[in-house]
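Asker: missing the sequence, but the structure's below:
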């Protein structure tokens, strides 16, 4: 937090000396060109980084591999009913919803029919990654429009766009290994902007699109209805939207995503929100850091307009109540539905603040200070080449630049080519060894899931020793030793730490048996 604190002092010192009139004239006259240039720059940089991460074997099964498999399954269905069914199932041959498992995507996602159609033209996870970048980058446009209209200045809109590009939550949602939540960022911005123009129906439609990408975003839609009721005094309309969103969430979570005797919602509540683990001091500290990372780049000014933050409440409450550290991490996808509300709230607060401070701090000066502050936040916490973590391994870990460079790529390519493309062949691979060659099949699981039934097991012993999604060097080494000694497998490829084991005997693919699966390492945050 030292860098952001330094940034706060530097921001005000510099902003206080700016020629605001000159800057407003210059930015305002070039607003469209600046926004277009920034959009293209973000799209090109993020696409290059994500493509490099995937093509050099640094992407993850959880979650890119799982979504790649899901899009492939949708694309392989011959009828629309089958394609729609795969948008909420974990696969043609298994349904992971409602119970403990170490694999699979159990979300209600009818929007993913579009990805299935795209996969019929080009079955590659690059479709998912490029679309994520373009969707997140496109949020720059409605952010600019909302800032321009609320603050009555094209120059203010440009600085709002700069805040958007620099915000760590935006950057991580653009550069993650694909998550569905990113759709919420631009469409909620559009919804807020359309509401400002009193185009209620169009705003409702924009807010509804993310709800088709993931069932939890139905709650965001529901709470956006409350914002409509407040902002436009359309109480009946707003309450009706809230009721529809809540009802859709209940149906999807407790009935659609369910198996006999169990539902995904009940399982998730029991797993992530039961007990008192969320009061653990370490986890509470993580949540404080998360709140600072969300609101800090905007100077915490968004808190001055709580009603504009209402659509973010479901995500914020989940992050504060969960006993899983991932829900309270700026590097995760759970911030996506908060981004637009914190900006919208900022744009409500700024005019009030400027009126209160008068000539000492006009809106543009405050925005300029926030942009400088955001640069420091981006350096301290972001994943881009601007950030320290991109260059310092101990700071950036999986966001270090080495994660975008070839690492024994030829050995991994050759090992993967040794696995038949038959979609009924069952493959197990460690979490950070992922490709379409492995994922485009009915049974694809992260190591050590499904070792009792897998046809092939692909590992890279020189990378992080992943057990499911948790590194555990001792357990990993022991499992590799057991594979080498097992009568059920033979080592068919070994080079530069890359290991490929093939089953000896009958082909018997199927869902993993959790009764014999190695448990998740204890004592590690999940």
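Answerer: Sure, I can see it. Please read these numbers as outputs of a predicted model, since none were measured by experiment.

Asker: residue ranges with poor pLDDT in the protein?
Answerer: Counting by pLDDT under 70, the chain contains low-confidence ranges at 1, 90-96, 98-104, 259-261, 271, 274-278, 359-360, 521-526.

Asker: biggest helix in it, by residue count?
Answerer: Once the chain is assigned using DSSP state H, the helix that runs over the most residues is helix 31-55.

Asker: Give me the residues contacting the helix or strand residue 474 falls within.
Answerer: Residue 474 is part of helix 473-485, with elements assigned from DSSP states H and E. Residues outside helix 473-485 that contact it (C-beta atoms under 8 Å, 6 or more residues apart in numbering): 447-448, 451, 457, 459, 461, 465-467, 489, 491, 499, 501, 518, 521. For every residue, glycine as well, the C-beta is placed using N, CA and C.

Asker: picking that back up, what residues of the longest helix of the chain count as buried?
Answerer: For helix 31-55, burial by neighbour count (16 or more other C-beta atoms under 10 Å) applies to 31, 34-35, 38-39, 42-43, 45-47, 49-51, 53-54.

Asker: Could you do stretch 150-170 as well?
Answerer: Buried residues in stretch 150-170, defined by neighbour count with 16+ other C-beta under 10 Å: 150-151, 153-170.

Asker: chain center to that stretch: distance?
Answerer: Averaging C-alpha positions (C-alpha atoms, centre = their mean, to the nearest Å) puts stretch 150-170 21 Å from its chain's average.

Asker: Now, of the contacts of helix 473-485, which are buried?
Answerer: With neighbours counted by 16+ other C-beta under 10 Å, those contain buried members at 447, 448, 451, 457, 459, 465, 466, 467, 489, 499, 501, 518.

Asker: Which one of those residues is nearest to residue 362?
Answerer: residue 466 (51.9 Å; C-beta to C-beta).

Asker: which residues does that closest one contact?
Answerer: The neighbours of residue 466, taking C-beta under 8 Å, 6+ apart as the test, are 430, 431, 432, 446, 447, 476.

Asker: Sort out which one of those residues lies nearest residue 256 for me.
Answerer: Distance to residue 256 across those (C-beta to C-beta) is lowest for residue 446, with 25.1 Å.

Asker: Would you mind giving both backbone torsions of the closest one?
Answerer: With angles defined as degrees, to the nearest 10, residue 446 shows backbone torsions of phi -80, psi 140.

Asker: What is the neighbour count of it?
Answerer: A count of neighbours around residue 446, defined by other C-beta atoms under 10 Å, yields 25.

Asker: How about residue 190?
Answerer: With other C-beta under 10 Å as criterion, residue 190 counts 23.

Asker: you'd agree it is in a helix?
Answerer: Yes. Applying DSSP: H, G, I helix; E, B strand; the rest coil, one finds residue 190 inside a helix.

Asker: isn't it right up against residue 206?
Answerer: Yes. Here residue 190 lies in contact with residue 206, judged by C-beta atoms under 8 Å, at a distance of 4.2 Å.

Asker: what's whatever helix or strand comes next after the longest helix of the chain packed up against?
Answerer: Next in sequence after helix 31-55, counting helices and strands by DSSP H and E, comes helix 66-76. For helix 66-76, the contact count by 3 or more C-beta pairs under 8 Å, 6 or more residues apart in numbering; DSSP states H and E identifies helix 113-121, helix 125-138, helix 436-439 as packing neighbours.

Asker: Give me the contact list for the strand or helix carrying residue 236.
Answerer: For residue 236, the element it lies in under DSSP H and E is helix 235-251. Taking contacts as C-beta under 8 Å, 6+ apart, the residues outside helix 235-251 that touch it are 200, 204, 211, 215-216, 218-230, 232, 265.

Asker: Check which residues of stretch 14-34 are buried.
Answerer: Under the neighbour-count criterion of 16+ other C-beta under 10 Å, stretch 14-34 has 15, 20, 23, 24, 27, 28, 31, 34 buried.

Asker: And those, which two are furthest apart?
Answerer: Taking C-beta to C-beta, the two most distant members of those are 15 and 31; they sit 19.5 Å apart.

Asker: wait, is residue 428 part of a helix?
Answerer: No. Inclusion of residue 428 in a helix is not indicated when three-state DSSP is applied; the result is strand.

Asker: Now for the nearest residue to it once chain neighbours are set aside, how many residues are close by?
Answerer: Spatial nearest neighbour of residue 428, chain neighbours left out: residue 454 (4.2 Å); criterion: C-beta to C-beta, 6 or more residues apart in numbering. Around residue 454 there are 27 other residues, counting by other C-beta under 10 Å.

Asker: Ramachandran coordinates for residue 454?
Answerer: Torsion angles, degrees, to the nearest 10, at residue 454: phi -70, psi 150.

Asker: Ok, the one 5 residues further on next?
Answerer: Reported as degrees, to the nearest 10, the phi and psi values for residue 459 are phi -130, psi 160.

Asker: Hmm, it is touching residue 494, no?
Answerer: No. Counting by C-beta under 8 Å, residue 459 does not reach residue 494; the two are 9.9 Å apart.

Asker: hang on, the earlier thing: of the contacts of helix 473-485, which pair is most distant in space?
Answerer: In the contacts of helix 473-485, two members sit farther apart than any others by C-beta to C-beta. They are 491 and 521, at 25.0 Å.

Asker: list the helices and strands the longest helix of the chain packs on?
Answerer: In terms of contact count using 3+ C-beta pairs under 8 Å, 6+ apart, helix 31-55 is assigned the packing partners helix 125-138, helix 140-151, helix 154-166, helix 168-175.

Asker: got the contact list for the third one?
Answerer: Surrounding helix 154-166, the residues in contact under the criterion C-beta under 8 Å, 6+ apart are 23-28, 30-31, 34-35, 38, 42, 139-140, 143-149, 151, 170-171, 297-298, 343, 346-347, 363-364, 367-368, 370-371, 374-375, 377-378, 382.

Asker: about what we covered before: tell me which of the contacts of helix 473-485 is nearest to residue 334?
Answerer: For the contacts of helix 473-485, the residue nearest residue 334 by C-beta to C-beta is residue 466; the value is 21.5 Å.
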